[in-house]
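Q: could you work out the structure for the sequence below:
(3 chains)
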Amino acid sequence: MVPTHYYLILSAILFGLGVIAFIFRRNIITIFMSIELMLNAVNLAFIAFSRALNKLDGQVFVLFVIVVAAAEAAVGLGIIIVIARNRQSLNVERVDLLKL
Amino acid sequence: MSDFLAQHAEILITLVKIAILLFVVLTVNAYLTWFERKLIAHIQSRWGPHRVGPHGLLQPLADGAKFLLKEDPTPAGVDKFVYYLAPLLALALALTSIAVIPFGPDPLHFKGHDIYLGIVDLNIGILALFAITALGVYGLALAGWSSNNKYSLFGGLRSSAQMISYELALTMSVVGVLLMAGKFSLRDIIDAQANSRGLFGWSGIFHWNILAGPFPQILGFLCFFVAAIAETNRAPFDLPEAEQELVGGFHTEYASFKFAMFFIAEYTSMITVSCLCSILFFGGWLSPFPASWTLTTYLPSVLLIPFGLWVIWDGLRYETIFGKLILPAVGAVIAALGAAFLLFPAVNAFIQGPFWLLSKIFTFLFVYVWMRGTLPRFRYDQLMSFGWKLLLPASLANVVLTAAALLWRGN
Amino acid sequence: MNAPLIIFFALAAMCVTGAISLILQRHPIHSALSLIVVMVALAGLYLLMGAEFVAAVQIIVYGGAIMVLFIFVIMLLNAGVEERTNLSKLAGFAGIPLGVALMGFLAAAVARSQDMVQAAAQSGAPAPTKALANLLFQDFVYPFELTSFLILIAILGAVVLAQRENA
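A: As a prediction, this is how the structure comes out:
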């Protein structure tokens, strides 16, 4: 029997690691992947609470979060492709001027 | 010692089942390559392997020895971790997918334990299979990318794009079956077919999903089969690995044993797809004859005994050791099995389910190889437009029609 | 130390290892592979908690579609190894301890509140998919239809964004 707060601590650790990856990496795609890691950490918290409170609403929320993450990944990667084409670099430090 | 065995009996039984199933699947893979080469050769009016052992039956052994002994170079400039990971991933995922397939309805009774034929029966059986198929895209994509070779990269990208496009049609075409069965577990889907009404109330073959219930799943089966052929990258959808086009596609830079791993993964996924077709649409282990026709339960014996005798007679014609000694021994075993099914009714009742399931799997493998020998290859843009513009709307239409038929019948 | 606890610690170790590998790997493809490991381990954790349908959806959608999209983009853009930067020595010294402090703070806040969250009595009981489907299509049907619009907009956006200028 695994206590619920073990899952929540794991979710907090994953979220923190996602924040660290977001701040420290310079490749746009890796930053985007750290956003996905943060979303997954939140999903874990949802399911942990859904099990603790014995209701299924948490799982329905997780399904919605997954769908939204998919839509966001599609559009976000499209934007990344356009940026990479225009600036020929995937380094966020190069994307610092409004005009090329 | 026996205490330890008694306590951990379930885990030990599962481990033994896994070992047996792995052995059987790998042997079937090897002889599936023999079967494919023979069948395609006969379609093309030539012999196929016939020198290495009688009827070329030792050819898979020769191929295996070649794969083990050939030089296995690693090209320069590859990403080593991903290069070694890709065939491993493909093979592991393909072999894992066999774990959820049930092979027979009744359990074996052994020392108080019920041993079901099939490693595990998940509540989400079919979803787990789709999950494993979805992860299988990585093997090809990473293989193509890590090879440091433009042909491999193109082959890998094309093949991953193809697999992703047809995965949608694959999952959609199964939804009709799920609507009619109401469960995800594969055993429950076959049981739902056994209990279904049957077209016009007839039984036997009309219980199968392809002909049964409120809406026969013919469209669903066609969509599923075509999408599955595209998923497994087989002809006529094998552009990504076609030799004439891309030198070999994603497995250009993979030599002996790593190539063998991709090879085994592809044939194992063929076997898994054939199992799924039989289970989802053709009734799994259900017999095509109604249960009242009891004489048909002797069909396994009627098939096996003459075949065993023919193998004995054929083996004695050869002069080699394999021909004179081993083939008659194999034939004698087959004939003895057939006779055992005649003499022991309990064994005969047990073997009916697996016999029908294996015959259906074999039929689908035959159709797979037949299509490879007969049909020309799709061009890449034709392939993509076929998947998105024809197959996906067709499977969606199947879902809508099945749901409408179920509602109309009032279920 | 029963079996679920051991499985939880194994899967949690996989998650954390994957996340740390995401931070430390220099090539984006290796980061993507680490993220896939994290997602599969999370699916295992969902299974351990009894959410079997969500675990399957996580692998099929997240691990089998979204991450494949990431890998395609990395392959197509030919993303190479990240270059060494010349700015952030100070950020490294101050930032990493602050990040670890953030994680520690969150974890401590959670651990301190453990009396308020009751552990479920039936841990491994799988949630029936039928109940989930009833909830999704009866109580949550409005957000469900909205997500279908969202996906349509995302498809249109992705198609428009990825077009060439003169196409």
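Q: shaky segments in chain C?
A: C:82-92, C:114-125, C:165-167 (pLDDT under 70).
Q: quick one: name the residues of it near chain B.
A: C:27, C:29-30, C:33, C:36, C:40, C:43, C:52-53, C:55-57, C:59-60, C:63-65, C:68, C:71-72, C:75-76, C:126, C:129 (C-beta under 8 Å from any C-beta of the partner chain). For every residue, glycine as well, the C-beta is placed using N, CA and C.
Q: residue in the stretch 51-200 of chain B nearest to chain C?
A: B:A134 (2.6 Å; C-beta to the nearest C-beta).
Q: hang on, the earlier thing: of the residues of chain C next to chain B, which ones also sit close to chain A?
A: Okay, of those touching chain A (C-beta under 8 Å from any C-beta), that's C:F53, C:V57, C:A65, C:L76.
Q: contacts only, for the second one.
A: Same thing as C:V57. Neighbouring residues of C:V57 by C-beta atoms under 8 Å, 6 or more residues apart in numbering or on different chains: A:L63, A:I66, B:L127.
Q: what strand or helix carries it?
A: helix C:52-57 (DSSP states H and E).
Q: show me what secondary structure element comes after that helix.
A: Helix C:52-57 is succeeded, C-terminally, by helix C:67-76 (DSSP H and E).
Q: what comes into contact with that next one?
A: A:29, A:32-33, A:73-74, A:77, A:80-81, B:137-138, B:141-142, B:145, B:153, B:156-157, B:160-161, B:164, C:28-29, C:32, C:35-36, C:39.
Q: buried set for stretch B:18-27?
A: For stretch B:18-27, burial by neighbour count (16 or more other C-beta atoms under 10 Å in any protein chain shown) applies to B:L21, B:V25.
Q: kindly state the domain boundaries assigned to chain C.
A: Domain assignment of chain C by automatic domain parsing yields the ranges C:1-80, C:128-167.
Q: out of those, deepest packed?
A: Across the domains of chain C, averaging neighbours per residue (mean count of other C-beta atoms under 10 Å in any protein chain shown) puts domain C:1-80 on top, at a mean of 20.
Q: what's the first-to-last distance across that domain?
A: This stretch, domain C:1-80, spans 45 Å end to end (C-alpha to C-alpha, to the nearest Å).
Q: ok, B:L365 - contacts?
A: With C-beta under 8 Å, 6+ apart, B:L365 has these contacts: B:L32, B:F35, B:M270, B:I271, B:S274.
Q: same thing but 6 Å
A: Applying C-beta atoms under 6 Å, 6 or more residues apart in numbering or on different chains to B:L365 gives the contacts B:S274.
Q: how near is it to chain C?
A: Using C-beta to the nearest C-beta, to the nearest Å, one gets 26 Å for the distance from B:L365 to chain C.
Q: make sure that residue is indeed in a helix.
A: Yes: judged by DSSP: H, G, I helix; E, B strand; the rest coil, B:L365 forms part of a helix.
Q: tell me the phi and psi of A:N91?
A: phi -100, psi 120 (degrees, to the nearest 10).
Q: tell me the pLDDT at the closest residue to it other than its chain neighbours?
A: Nearest residue to A:N91, sequence neighbours excluded (C-beta to C-beta, 6 or more residues apart in numbering or on different chains): A:R26, at 5.3 Å. Note for A:R26: predicted pLDDT of 84.
Q: do B:F257 as well
A: Model confidence at B:F257 (pLDDT) stands at 86.
Q: could you do B:E245 as well?
A: pLDDT at B:E245 comes out at 57.
Q: how many residues are close by B:W293?
A: 12 (other C-beta atoms under 10 Å in any protein chain shown).
Q: no, scratch that, I was asking about C:S113
A: 11.
Q: ok, it to B:L153 distance?
A: 51 Å (C-beta to C-beta, to the nearest Å).
Q: with adjacent residues omitted, what lies nearest to A:F22?
A: For A:F22, the spatially nearest residue (C-beta to C-beta, 6+ apart) is A:S34, at 4.3 Å.
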